[in-house]
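S.K.: Build me a structure from this.
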Amino acid sequence: MDPAIIGHLVTLITVILVAVLQYIRESRQRKWDVEDRKATAAALIQHTSEAAGKLEGLIHENTKISTDAFQEANSVNQKIIQLGFDLVNGKK
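M.R.: Residues are numbered from 1 along each chain as shown. Predicted coordinates for the structure are as follows:
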């Protein structure tokens with residue numbers, strides 16, 4: 001065989017081998033990227049769910065504290081009104 005043909009065949013085989021190896025490497029990299037995105041999304045969903053649960057608990061706690069404070073304020077207001085009526089009517 002002619003050495004020039006052998007050189008061309010070696011170059012052709014090398015180019016094909018490099019292309020196949022690059023395709024395999026990129027395919028593997030895409031697979032890893034998809035797996036990473038799925039794991040990140042799952043972690044984000046879990047974190048968001050936990051944060052939402054904590055926030056809901058804080059909202060309920062704040063609502064109870066506010067309700068208790070309003071009830072106490074209304075009770076004090078009623079006592080003040082009653083004291084005003086008692087003073088106007090001459091009662092102690």
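S.K.: gap between Ile16 and Tyr23?
M.R.: Separation of Ile16 from Tyr23 (Cβ to Cβ, to the nearest Å): 11 Å. No exception for glycine: its C-beta is placed from N, CA and C like everyone else's.
S.K.: Remind me which helix or strand Ile13 belongs to.
M.R.: Using DSSP states H and E, Ile13 sits within helix 3-89.
S.K.: So Gln71 versus Glu26, what's the distance?
M.R.: For Gln71, the distance to Glu26 equals 66 Å [Cβ to Cβ].
S.K.: wait, Lys38
M.R.: Lys38 sits 19 Å away from Glu26, going by Cβ to Cβ.
S.K.: same question, Val88
M.R.: 90 Å.
S.K.: Quick check: which ranges of the protein have low pLDDT?
M.R.: Where the chain drops to pLDDT under 70, the residues are 92.
S.K.: Grab the most central residue of it for me.
M.R.: Nearest to the mean C-alpha position of the chain, counting by Cα atoms, centre = their mean, stands Thr48 at 3.5 Å.
S.K.: residues in contact with it?
M.R.: Residues counted as contacts of Thr48 (Cβ atoms under 8 Å, 6 or more residues apart in numbering): none.
S.K.: Can you give me the distance of it to Ala42?
M.R.: To Ala42, Thr48 is 11 Å away according to Cβ to Cβ.
S.K.: neighbours around Val15, how many?
M.R.: 10 (other Cβ atoms under 10 Å).
S.K.: meant to ask about Thr14, not that
M.R.: Residues lying near Thr14 (other Cβ under 10 Å) number 10.
S.K.: can you check Ile5 too?
M.R.: By other Cβ under 10 Å, the residues close to Ile5 number 9.
S.K.: ok, now the one 4 residues further on?
M.R.: By the criterion of other Cβ under 10 Å, Leu9 has 11 neighbours.
S.K.: what sits against it?
M.R.: Per Cβ under 8 Å, 6+ apart, neighbours of Leu9: none.
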